[in-house]
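Enquirer: Here's a sequence, model it:
(2 chains, ligands or ions: 2)
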Amino acid sequence: MTILERPRHVGPGVDRVDGPQKVTGAARYPNDFSHPDMAHAALVRATIAAGRVARLDTGAAESAPGVLAVLTHLNAPRLATGPSALLATPPPPLRDDRILYYGQYVAVVVADTPERASAAARRIEVGYEPAEPLLDIHDPRAERLPDPWGSDASWGDTRAALDDAHVVIEASYTTAENTNNPLGLFSTLAEWDGDTLTVHDSTQWPTRVRATLAQMFGVPEAGVRVLVLYVGGGFGAGLRVWPHVILTAMAARQTGRPVKLVMTRPEMFTGIGHRPATVQHIRIGATRDGRLTAIEHESRSTVAIEGDNIEPCATVSTAAYACPNVTAHDEQVRLNIPWTNSMRAPGEAQGNFVLESAIDELSHALGIDPLELRLRNYAEVHPRSGLPWSSKALRECYEVGAERFGWSRRVPEPGSMREGDWLVGYGMAGISYFWYQAPCQARATVRGDGTAYVRSAVTDIGTGTYTIMTQLAAELLGLEQDRVTFGLGDTSMPPGPQAGGSGLTAALGSAVHAACRNLVRAFLDAAAADPASPLAGCDLDDVAVTGGRVHRVGEPERGESYAGILAMRGLDELSADGDSTPRTPQEAGMAPAGPFGARFVEVRVDPELGRLSVARVVSAIDGGRILNEKLARSQIIGGTVGGIGMAMFEDTVSDPGTGRIANATLGDYLVPVNADIPDMDVSFVGGPDAFNPIGVKGVGEIGLVGMAAAIANAVFHATGKRIRSVPITIDRLLL
Amino acid sequence: MREFAYFRAADVGQAVATVAADPEASYLAGGTTQLDLMKDGVLEPDQLVDITRLPLRGVVREGDTLRVGALTTMEELAADPTVAGRLPFVREALLLGASVQLRNMATIGGNLLQRTRCRYFRDPTVPACNKRRPGTGCAAIAGAARMHAILGASEHCIALHASDLAVPLVALDAIVRVRGADGERSIPLTDFYLLPGDTPDRENVLVHGELITAVDVPLPAEGTRSGYLKVRDRASYEFALTSAGVALLLDGGVIVEARVALGGVGTVPWRAREAEDILRGAPPGPAAFRAAAEAALRDPFTVPGTAFKVELAKRTLERALRTVSGVTS
Ligand SMILES: Cc1cc2nc3c(=O)[nH]c(=O)nc-3n(C[C@H](O)[C@H](O)[C@H](O)COP(=O)(O)OP(=O)(O)OC[C@H]3O[C@@H](n4cnc5c(N)ncnc54)[C@H](O)[C@@H]3O)c2cc1C
Ligand code: SF4
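Expert: Numbers count the residues shown, from 1 in each chain, chains lettered A, B, ... in the order given. Ligands and ions are numbered 1, 2, ... in the order given. This is a model prediction of the structure:
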């Protein structure tokens, strides 16, 4: 069974299969679920960043109308800790009187309506014994965690190479804290029946929610079911099992009622993670003719006192260019801040800003075109391991992007392009995104009516998983797409990984691939029971699938329909499981490649008033095999908007003294609006990747990466002013 | 949110009598300020008196005055032909504010009475806010102040009055017509707002129960050119960092009449009379514009987060003067 060579279903921009549900409001998000007997929870958050709760007065809340329960550290049940592996679950909420960050939950109120719950929550009086919080990334008292992920790298002799370099670029950069801010307010609905628990939750990782709840409440995992058919966005915020999920389950258990919690927008700033701030330092050495001789990249990012967070920024510099001497070092600083966590393109977003800005600085210092400089240092093999890439079309990204943008029209001298009051600048950035893939399982079923049902306990966070897996299964089973249903978001399905790390499409697609192959094999076995079957004696490689039939390769008439095989054997349906586990690079003899990309940006700067606007963005992306051009484009476009947000607007500001987030609303935390977003041109280049059987690479995050550097580089080209801190706001740009 | 009574007033007299009789009652117009602050627990009235059915909606021209009913929406006023023809900067200030959805709800009376966007005021968990709880201090001064005022501020409060519309209206010497329990009165908009001083909780001269019924806008002389320039962090749907509303009448190479007001910088919509005095009688050009800008921004009260706004406000005014006068060099 050779498939995907001449695909019929994957590739073109098929409309979302869930589009009609979403547009008509029929799609049910976690907070669309209710229960007739349901109660509602509201949270009370700490208003200091460090110290302890000294006094709690819950009397007024307890006697407020409709209140069923008030839980604080004084009466909350003690829970076990959750999983500590990758993206660890925060410690059990309400376990003691310590306060580690502003916004930490100190109580949960359960009442018969949400309004009464939140009204009562405001009546809880908390007295604190404050301690001095650690809030500043530069605070020398803060604990430092060197090389927290074992991702530091060093080869060659970077110091010596920097000493010998003809030209050295050295600079410090900062990036602001950003907050994920999915539009859908996260919500949880928990219902207990004895030790059985059903939960609707805004999550990107249902199987992790199930494992966590079982572990923390000490109940069998088999009795916990987590459902999430749709999520109103995540951007990484749904990758952990946050304390509000635990508190909702706790409240339901204590009151004996199903309990629903819908977070408020301000709570979404403290309760579900955020992108950490970074301070980075880079030194790049090069020869006069533009060969990189050394890169030294150091990064420090913030992490909560008891938190963890994977944010390798300096590591970006170990995968991007051919360079004989490289040193990359990351460290974290523990502060009294809400948990930091993955936000679309963690580490890459900030690390790329620094590396690609510094490369631009180098190009100006050397008088070499920024695009040419990148090509001169093109990494033909994986720089760190020396292994060949499983695929790499970055050169085509540069070529196609430059051509579509009109890069050759760039006048090199900064400040030399103008339109009326506005200076014009061109900037670019390259991207070599990391690779990630986790194990995954899926099950495929074909029923007597010839329709198929394929499923896995993963999520579609709006990226299009429902749609592309429907296309893929249709391809692999030889069915029309309207004969295939893809199911997800239910832990009673075979376990799958998180929708994160741009790794789900490869993991799930490979598992679906395996399940569908196994299913066709099961049909062959069933057919072989009849020696007269035209398929008798056939192996998978001997057959093809088209039009709901399995037939001999090149002989469409010599085969049988799925329905026919089932009828012949008296079966209602046949199912098969499939799983995928990525190979190691050593086994595969190649370096698994993430997506590559090039961004080209034109900006306008009003130098007198410091105003900046993005006039054009051209992106060329190597995403391996593209399963659905339209949805992949949407990912790049959406990512680009997020990248413009990071570059120009987004900044989670905390009060210097208290750690309170000072702009925790969508009125005060600025994200781009339509008027800030120009036309975005997206091209896909390259072909199938060799590392997984379906040849895909993830495109969910790369769209955000490179925008900060490309915009900052364009600003430099427009004005001659190098901005090394994002967001690039008017006050930073006033000339 | 505290539970409250809702009452829909049938006529102006009833509305005024109801609110005047209940010290904890508030008027409800478009609700875009009032309801937000109630949901956040900042305002907790025991009664809302809905005035949206009162006959205070619409724009009529009486001679050289435009009488704008208090319940006219921002979109309606922007669409008025006299506003478009004679008061371009009023129209621009309206259309650069909020979003079209909000402008369809928000009323002119409500716009003038909108409360500050200061996040410390708008978050009742912050203990120190003299405007919300007199005598508690001002958290913004040592906090993250960026969208705050640099003119008219005091160490007790640096909250910005964020209305765009009020900027051209103070420049035009608009008159606020109000009706209270004791009858009607007219208040020049330039005297309507109070500087914070040490009583930032008192924002204007209205007494409890007084209802704005209309705003009278004098039309400037024929031939007056005007413009509103709004500088902000994003291209739409955001308040001003700095703004300038300028109306100029030029004759024979000199400025014969100048009206200048600034937004984004004042604890009240900021009329810049010193700038007007410099401009009036001067030939339009960079020297006069810079001098006017320097005069308008004399003695700012800044904190680290707002310091950049001094120069930005000057340049905003200069640019507006250049654009409106058409004199660029
Ligand atoms: C997201 C957002 C963005 C915004 N952006 C901008 C902007 O860019 N520029 C700008 O200028 N504004 C902006 N605004 C503010 C907006 O213009 C005001 O909220 C609106 O004009 C208020 O009018 P309203 O009718 O909704 O007033 P309401 O909210 O109903 O009332 C406001 C206050 O005035 C009182 N009141 C209302 N009418 C009267 C009356 N006739 N007599 C006496 N008291 C009265 C009410 O009791 C209340 O205290 C924005 C608001 C929001 C929510
Ligand atoms: S600036 Fe005014 S409104 Fe803001 S916190 Fe200070 S006193 Fe309150």
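Enquirer: contacting residues for residue 164?
Expert: By default, I'm working from chain A. Contacts for residue A:164 were tallied using Cβ atoms under 8 Å, 6 or more residues apart in numbering or on different chains; they are A:285, A:293. In short, each C-beta sits where N, CA and C put it, glycine included.
Enquirer: Please refer instead to chain B.
Expert: B:93, B:94, B:96, B:97, B:228, B:230, B:240, B:243, B:263.
Enquirer: What of residue A:271?
Expert: A:43, A:103, A:105, A:186, A:242, A:243, A:244, A:263, A:338.
Enquirer: Kindly recompute the last result at 6 Å.
Expert: For residue A:271, the contact set (Cβ atoms under 6 Å, 6 or more residues apart in numbering or on different chains) comprises A:242, A:244.
Enquirer: The one 4 residues further on too?
Expert: Residues near residue A:275 by Cβ under 6 Å, 6+ apart: A:178, A:343.
Enquirer: could you redo the last one with a cut-off of 10 Å?
Expert: By Cβ atoms under 10 Å, 6 or more residues apart in numbering or on different chains, the contact set of residue A:275 is A:175-180, A:235-236, A:301-302, A:309, A:311, A:340-347, A:349-350, A:646, A:650, A:652.
Enquirer: Can you name the residues bridging to it?
Expert: With DSSP bridges as the criterion, residue A:275 is bridged to residue A:178.
Enquirer: Also the one 4 residues further on?
Expert: Using DSSP bridges, the beta-bridge partners of residue A:279 come out as residue A:174, residue A:300.
Enquirer: got it, and residue A:144?
Expert: What pairs with residue A:144, by the bridge criterion (DSSP bridges), is residue A:333.
Enquirer: I figured it was touching residue A:300, is that so?
Expert: Yes. Between residue A:144 and residue A:300 there is a contact at 7.9 Å, judged by Cβ atoms under 10 Å.
Enquirer: Between the two, tell me which one has more neighbours.
Expert: residue A:300 (23 against 11; other Cβ atoms under 10 Å in any protein chain shown).
Enquirer: List the contacts of the more buried one.
Expert: So residue A:300 contacts A:137-138, A:144-146, A:174, A:276-281, A:313-314, A:329-333 (Cβ under 10 Å, 6+ apart).
Enquirer: Let's see the PyMOL selection covering just the buried ones among the residues you listed.
Expert: To isolate the buried ones among these in PyMOL, judged by 16 or more other Cβ atoms under 10 Å in any protein chain shown, type:
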select buried, chain A and resi 137+174+276+277+278+279+280+281+313+314+329+330+331+332+333
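Enquirer: Please determine how far residue A:714 is located from residue A:346.
Expert: 24 Å (Cβ to Cβ, to the nearest Å).
Enquirer: how about the residues of chain A near ligand 1?
Expert: residue A:667 (Cβ under 6 Å from any ligand atom).
Enquirer: Can you give me the domain boundaries for chain A?
Expert: Using automatic domain parsing, the domain parsing of chain A gives A:19-27+A:438-581, A:33-132+A:183-233+A:238-271, A:278-436+A:588-734.
Enquirer: again, but for chain B
Expert: B:1-49, B:227-325.
Enquirer: and the shortest one, anywhere near ligand 2?
Expert: It refers to domain B:1-49. No. Residues of domain B:1-49 are not located near ligand 2 by Cβ under 6 Å from any ligand atom, the shortest gap being 10.2 Å.
Enquirer: among the domains of chain A, which is the most enclosed?
Expert: domain A:278-436+A:588-734 (a mean of 22; mean count of other Cβ atoms under 10 Å in any protein chain shown).
Enquirer: Give me the three-state assignment for the closest residue to residue B:217 other than its chain neighbours.
Expert: Distances taken as Cβ to Cβ, 6 or more residues apart in numbering or on different chains place residue B:66 nearest to residue B:217, at 4.4 Å, with adjacent residues excluded. Secondary structure state of residue B:66, per DSSP: H, G, I helix; E, B strand; the rest coil, is strand.
Enquirer: Fine by me, we can end here.
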